[in-house]
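Participant: My questions concern the predicted model and sequence given below.
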Amino acid sequence: MQMRRTTTVAMGLGVVLATGPALADYNKGQELMILMLHSAVLAEAHCPYRVDDRKMQGFLSRKGLTRGDLTSGRFSPLLQEDMAADTQRYDGDAAAACDQAWASFGPQSPLGGLLRAK
């Protein structure tokens, strides 16, 4: 049985991404980037926010990724679990998930506005 995290995955900037497996081994930061951008895309779908495509492209290119990599489905089992947990946050309490997304990715966040108001 694999131990589950009781806290959230967070980048050094303090951005909350998702809950998931305790020992995530993110390949050269690419999977962490995919998880972060997956969270932003979920916020765009469920909240009154939109993703700043220019900023998203900048984040992706830093790790040698494209937007297609976000939907490729070629993810490690650990990333798949983290993405599913992230999606479940919106199923459980969309308002709280939207608030967290805004705090993590909005204009005043350490990421400087990956999300904008619609």
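Facilitator: Perfect, thanks for sending it.

Participant: Hmm, residue 109 is touching residue 103, no?
Facilitator: Yes. Counting by CB atoms under 8 Å, residue 109 does reach residue 103; the two are 6.5 Å apart. (C-beta placed from N, C-alpha, C; glycine too.)

Participant: The two: which has the busier surroundings?
Facilitator: residue 109 (17 against 13; other CB atoms under 10 Å).

Participant: gap between that one and residue 39?
Facilitator: Distance, residue 109 to residue 39, by CB to CB, to the nearest Å: 12 Å.

Participant: Overlap in contacts, those two.
Facilitator: Common contacts of residue 109 and residue 39 (CB atoms under 8 Å, 6 or more residues apart in numbering): none found.

Participant: tell me the mean pLDDT over stretch 107-118?
Facilitator: Average pLDDT, stretch 107-118: 87.

Participant: what's that stretch in contact with?
Facilitator: With CB under 8 Å, 6+ apart as the criterion, stretch 107-118 contacts 11, 13-15, 37, 40, 43-44, 48-52, 55-56, 59, 101-106.

Participant: And for stretch 62-70?
Facilitator: With CB under 8 Å, 6+ apart as the criterion, stretch 62-70 contacts 28-30, 33-34, 37-38, 41, 56-57, 60.

Participant: Are any of those buried, and if so which?
Facilitator: Listed as buried from the contacts of stretch 62-70 are 30, 33-34, 37-38, 41, 56, 60; burial here means 16 or more other CB atoms under 10 Å.

Participant: just the helices in this protein please.
Facilitator: Applying DSSP state H to the chain gives helices spanning 30-46, 53-62, 77-92, 94-105.

Participant: Distance to residue 113 for those helices - can I get that in TSV?
Facilitator: TSV is the format used below for the helices of the chain (distance: least, CB to CB, whole Å):
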stretch	distance to residue 113
helix 30-46	11
helix 53-62	7
helix 77-92	20
helix 94-105	8
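
Participant: any idea which of those helices is most buried?
Facilitator: helix 30-46 (a mean of 21; mean count of other CB atoms under 10 Å).

Participant: now the angle from it to helix 53-62?
Facilitator: Put simply, helix 30-46 runs at 160 degrees to helix 53-62, going by axes from the mean of the first three to the mean of the last three CA atoms, to 10 degrees.
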